[in-house]
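J.: just a sequence and a predicted model for now, questions to come.
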Amino acid sequence: MEAQIGEAIETLKEGGIVAFPTDTVYGLGASSLDDAAVIKVYQAKGRPRHLALPLLLGSVLQIAGVAIDVPETAWVLARQFLPGGLTLILHKSASVSSLVSGGGDKIAVRVPNHPVPIALVEGLGAPITGTSANRSGRPSPMTAGEVRRQLGRRVDLVLDGGRCPGGSESTVIDLTEDPPRMLRQGVISREEIERVCGEEIR
């Protein structure tokens with residue numbers, strides 16, 4: 001796997017797109033700093049450009065590089081639940097391309113609890129897109145074989161990390177609103193979020 005990861009990092013640096021295992025399903029990654037690579041992700045999935053792509057980070061500290069006006073509640077939640085099944089919606093910084101955010105001013109970020117995407121982010125030195133490695137409207141892939149069947153040559157490299165655990169999706173919290181709004185309850189419950197926040201969320 002180490003050799004595969006090295007090849008994947010070089011592919012990302014050269015503007016390619018890579019499918020990789022995560023703690024939920026296989027993801028489709030491109031450098032968030034490379035607009036042409038980000039466009040390839042949209043094209044490979046057949047995904048409308050107005051739908052933002054989530055970003056995967058290598059650590060909680062990297063939130064400060066992609067978001068602005070980050071409320072204290074976001075940091076509290078991040079320290080408690082990341083790496084893991086929590087996605088935070090924040091105001092994006094100017095460093096994040098509008099292609100990634102679907103033309104909007106918000107960005108979704110997560111630190112996955114899986115060594116492969118962390119290694120890719122660290123090796124690239126930039127966040128990567130973290131959308132599922134499937135054609136839009138098709139099932140999210142749990143294996144490298146499923147990725148290849150759906151995306152074929154649309155993806156430059158598929159890292160085979162075995163079967164992903166699947167199961168619950170990440171919980172999504174929009175922290176650009178006050179009080180925060182839960183957009184999707186996933187592996188982390190509303191009760192857990194509210195206990196850590198010390199406040200009710202919508």
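T.: Received, thanks.
J.: every contact and neighbour count from this point should use C-alpha atoms.
T.: Noted.
J.: what comes up buried for the longest strand along the chain?
T.: Using DSSP state E, we find that the single longest strand of the chain is strand 86-92. Buried residues in strand 86-92, counted by 16 or more other C-alpha atoms under 10 Å: 86, 87, 88, 89, 90, 91, 92.
J.: what sits against the last one?
T.: Spelled out, it's residue 92. Going by C-alpha atoms under 8 Å, 6 or more residues apart in numbering, residue 92 touches 66, 67, 68, 101, 105, 106, 107.
J.: from these, which is closest to residue 122?
T.: The closest of these to residue 122 turns out to be residue 66 (C-alpha to C-alpha; 15.0 Å).
J.: re earlier: turn the buried residues of strand 86-92 into TSV, including pLDDT and distance to residue 120.
T.: Below are the buried residues of strand 86-92 laid out as TSV (pLDDT from 0 to 100; distance: C-alpha to C-alpha, whole Å):
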residue	pLDDT	distance to residue 120
86	95	19
87	96	19
88	98	20
89	98	22
90	98	23
91	98	24
92	97	22
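J.: contacting residues around residue 128?
T.: Neighbouring residues of residue 128 by C-alpha under 8 Å, 6+ apart: 29, 30, 31, 32, 55, 56, 57, 120, 121.
J.: among the residues you listed, who's most crowded?
T.: residue 30 (33 neighbours; other C-alpha atoms under 10 Å).
J.: among the contacts of residue 92, who's most crowded?
T.: Most neighbours among the contacts of residue 92, by other C-alpha under 10 Å: residue 107, with 26 neighbours.
J.: wait, a helix at that residue?
T.: No. Residue 107 is assigned strand when assessed by DSSP: H, G, I helix; E, B strand; the rest coil, not a helix.
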